[in-house]
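Student: Here is a sequence together with a model predicted from it:
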Amino acid sequence: MYRPPGRAAARCASLLSCCVAALVAASPAVAQETPTTGDAPAPVATPTTSGKKVFSPADFSRFAPRTAYDMLAQVPGFNIRGEDEAARGLGQATGNVLLNGKRLSGKSSDPVSALRAIPAGNVQRIEIVDAAEVDVSGLSGQIANIIFEASKKLGGQWSYRPEFRAHYADPIWSRGDVSVSGTSGPVEYTLGVRNDASRGSAGGPTTIVRSDALFETRDDVFRSSFEQPRFTGQFKIDGPGTGVANLNLLLRHFDYRFTETSLRDRVAGPDQTRLTRQTQKGENYEFGGDVDLALLGGRLKLIGLARSSDEPFFSQVRTSFTDLSTDSGNRFVQDGSSAEKIARGEYRWRIGRTDVQLSGEGAFNSLERGSRLYALNTAGDFVELPFPAGTGKVSEDRYEGLLTIGRPLSARLTAQLVVGAEHSTLVQEGAGGKERSFLRPKGSLNFAMQFSPRFNANLKFVRRVEQLNFGDFLARVFLDNDNANAGNPDLVPEQQWRMEVELARDLAAWGKTRLNVAVALKEDVVDIVPIGLTGESPGNIPHAQGMGIDWNSTIQLDPIGFKGARLNTRFYTLLSQIRDPLTGERRDWSSRTSRIVEFKLRHDIPRTNWAWGGEFNYSHNNLSYRLTEVGRQFEGPVWVSAFVENKDVLGMTVRGEVSNLSNTRSRWDRVVYAGRRNVAPIDFVETRNRLIGPIIRFSVQGSI
């Protein structure tokens, strides 16, 4: 079960050496007639009088990009941000990537997958613009608009990304993707297959201390695997007339498996062996489309979306004893499905220099779930226990109306105003079921100011309503951590007033720096709250405040003589405050990442197609609070990795990476109380310190 670190690390080092040697052998010699990417200049945007920054494909030749993602990932000072999963419906956009001026269609569309399906040769330019200047409501800060043309003939991209861990986990052989795109008459299409497989593993000691004395020592090993192959299809149809239609399809299968073996040596009493198993296996789909056409001097866009997911879950814990006592254990089984249907209409027109959009949306969400809890009896059989709070149905019908007005206020100042409201009805059927209706205002006010061609600022005020996790309404048991949620039929969506300020400075040949400050005043914050006399579950806390400061920079090192090198840095801190629902004391938001320090170095070696680099990442998480425990579970706090890359190995890009050079471990430090922590004494203190070991990753990218 346990692999000695020295031998496993040696095997990984040997494997990496062999692969690097293969790269060298396969890489074409540096031919005089073939320009080498390491001599290309660093990307420098062309500023315009409006403040728009424009990158051409030639600006990225240093990196030999194969896809639009490879290009955007190298834009100085820009970090790709996907749509906020907490956002409700299709409503306002929350990401920072547009394709030909349009937001990504669908709720499951992630920008990385969409960008990887666009060949670099199809990209005409990348525009970095202020959110208030684009015809899409809800965006904030700087936005990347990828201008590209569809492939006229069939072509595509592929990548293969295996991974190997030195300890415990099986290799990943199935991770990769392939996409093809082309044009047939008026139809542009992209078809893709992708599997973002992952593995997790760690092993090592855990100590349990009771009454300031060692109670138990554990030797734990866990392994997890996650496979999620999915098929995607995007179709764009031009015409007839001024109409444009888009159709999107996603089919995904997922298979998650987790096992943990814990050998428990007690100071007094019989030793134990506990085996934990979890599986989650199912499918989901998303089908959506839109039609955009000219109407009465404006443009009408009609959008429809339907998605569904099956969510079966199995968890079992079984403990055996060295004195041959009867085994103990529990089993938790959950079966259910979720669905969402959205219909949306947008009508936009211009009045002089003013852009106006009127939109309406109806969204219908539901979750139906049945849960069963079992206990192992003396005969070795799992016998079902009463668990009515885990079964029920939760649904929400929501209607939204928004008016968006955007216009330049001067040559350097642009504003966008969004005002509206939503009406929702929440219904829970089952234990403690009830029906409630709410009317809530929402919207935003965004200003974009261009102080100079190289310095701009964005200011945004937002009123948001967050999406609920319907599973929080129903009871659930977490057998692996000996915790349970009692379910809460009184949950309401979290709301917030938010202010965001973003300052971006173009440093010309030196790169770019960007500072983002966000302040949030939250209402009905979702956190763990008391339920009844002894229960706990996600519920609402009246108020919370937080401020996040995020400073990102790209520093080009060519001006100091380090030709071909760049350094990306990030410094992030979160200052937060909330009243603990049990003690009334002020504390940080539970489980949030509160500090990040990150350095990424990349060096494209002159006169070659080779690149190398590394990454240093430090992160700190707030304590996690439940009513009977306080703890911090994390992997870190420091991660160090290094990579080597060749951009022309038989026409492919090949990369090798070693992660966790810092020997980061899997940690969990928690204090568990005999009851609610405001009145009960400490039951035990758990300290977990598990080995992860080095992680070796490879990737090969090519074109079809």
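Tutor: Thanks, I have it. Numbers count the residues shown, from 1 in each chain.

Student: quick one, domains of the chain?
Tutor: Following automatic domain parsing, one finds the domains of the chain at 1-34+494-704, 44-149, 311-490.

Student: Pull up the distance across the second one, start to finish.
Tutor: This means domain 44-149. Terminal residues of domain 44-149 are spaced 23 Å apart (C-alpha to C-alpha, to the nearest Å).

Student: Next: the last one.
Tutor: Domain 311-490 has an end-to-end distance of 24 Å (C-alpha to C-alpha).

Student: The domains of the chain: which one's closest to residue 265?
Tutor: For residue 265, the closest of these is domain 311-490, at 9.6 Å, according to C-beta to C-beta. Quick note: C-beta positions are derived from backbone N, CA and C, even for glycine.

Student: Return the most buried member of the domains of the chain.
Tutor: The highest mean neighbour count among these, using mean count of other C-beta atoms under 10 Å, belongs to domain 44-149: a mean of 20.

Student: State the mean pLDDT of it.
Tutor: On average, the pLDDT along domain 44-149 is 80.

Student: swap in stretch 369-376?
Tutor: On average, stretch 369-376 scores 96.

Student: before we move on, what about stretch 293-311?
Tutor: Averaging pLDDT along stretch 293-311 yields 92.

Student: Over to the residue sitting nearest the centre point of the chain. Which of the three states is it?
Tutor: By C-alpha atoms, centre = their mean, the chain has its centre lying nearest to residue 82, at 7.6 Å. Under DSSP: H, G, I helix; E, B strand; the rest coil, the three-state class of residue 82 is coil.

Student: And the domains of the chain: which comes nearest residue 190?
Tutor: Relative to residue 190, the nearest member of the domains of the chain by C-beta to C-beta is domain 44-149, separated by 5.0 Å.

Student: What distance do you get for residue 194 to residue 116?
Tutor: 9 Å (C-beta to C-beta, to the nearest Å).

Student: let me fix that: residue 255
Tutor: Distance from residue 255 to residue 116, by C-beta to C-beta: 23 Å.

Student: Could you do residue 224 as well?
Tutor: Applying C-beta to C-beta to residue 224 and residue 116 gives a distance of 25 Å.

Student: With residue 392 instead?
Tutor: Shown here: residue 392 relative to residue 116, a distance of 40 Å by C-beta to C-beta.

Student: same question, residue 646
Tutor: As judged by C-beta to C-beta, residue 646 and residue 116 stand 20 Å apart.

Student: swap in residue 356?
Tutor: 35 Å.

Student: what does residue 442 give?
Tutor: Separation of residue 442 from residue 116 (C-beta to C-beta): 33 Å.

Student: Equivalent analysis for residue 445, please.
Tutor: 35 Å.

Student: do the same with residue 670
Tutor: Here the criterion is C-beta to C-beta. By it, residue 670 lies 39 Å from residue 116.

Student: Residue 250 too?
Tutor: For residue 250, the distance to residue 116 - C-beta to C-beta - is 15 Å.

Student: Now residue 114, what are its backbone angles?
Tutor: phi -60, psi -40 (degrees, to the nearest 10).

Student: actually residue 111, sorry about that
Tutor: phi -60, psi -30.

Student: residues in contact with the nearest residue to residue 697 once chain neighbours are set aside?
Tutor: Nearest residue to residue 697 in three dimensions, chain neighbours excluded: residue 657, at 4.4 Å (C-beta to C-beta, 6 or more residues apart in numbering). Residue 657 sits next to 641-643, 696-699 when contact means C-beta atoms under 8 Å, 6 or more residues apart in numbering.

Student: Where do the strands of the stretch 301-450 of the chain begin and end?
Tutor: Ranges of strands within the stretch 301-450 of the chain are 313-321, 328-351, 354-376, 382-385, 392-408, 413-430, 435-452, based on DSSP state E, counting those that start in this stretch.

Student: oh sorry, the question was meant for the stretch 551-700 of the chain
Tutor: In the stretch 551-700 of the chain, strands defined by DSSP E, counting those that start in this stretch lie at 565-579, 586-587, 593-604, 610-621, 624-626, 629-636, 638-649, 652-659, 665-673, 682-691, 695-703, listed in chain order.

Student: State whether residue 481 is indeed within a helix.
Tutor: No - if the criterion is three-state DSSP, then residue 481 is coil and not within a helix.

Student: of all the contacts of residue 657, which two lie farthest apart?
Tutor: Using C-beta to C-beta, the contacts of residue 657 span at most 14.5 Å, a distance reached by 642 and 699.

Student: Which residue is the nearest non-sequential neighbour of residue 583?
Tutor: Spatial nearest neighbour of residue 583, chain neighbours left out: residue 678 (5.0 Å); criterion: C-beta to C-beta, 6+ apart.

Student: Surely the one you found touches residue 581?
Tutor: No - using C-beta atoms under 8 Å as the test, residue 678 is too far from residue 581 to be in contact (9.9 Å).

Student: returning to what we had before: separation between the residue nearest to the centre of the chain and residue 95?
Tutor: Going from residue 82 to residue 95 by C-beta to C-beta gives 5 Å.

Student: Now for those two: what residues contact both?
Tutor: Both residue 82 and residue 95 are in contact with residue 111, where contact means C-beta under 8 Å, 6+ apart.

Student: Can you lay out the strands of the stretch 301-450 of the chain as TSV showing distance to residue 495?
Tutor: Formatted as TSV, these follow (distance: least, C-beta to C-beta, whole Å):
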stretch	distance to residue 495
strand 313-321	30
strand 328-351	20
strand 354-376	17
strand 382-385	37
strand 392-408	14
strand 413-430	11
strand 435-452	7
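
Student: Quick one: closest of the ones you listed to residue 143.
Tutor: strand 435-452 (10.1 Å).

Student: now residue 435, nearest residue through space, not along the chain?
Tutor: Nearest one to residue 435, counting by C-beta to C-beta, 6+ apart, is residue 427 at 4.7 Å.
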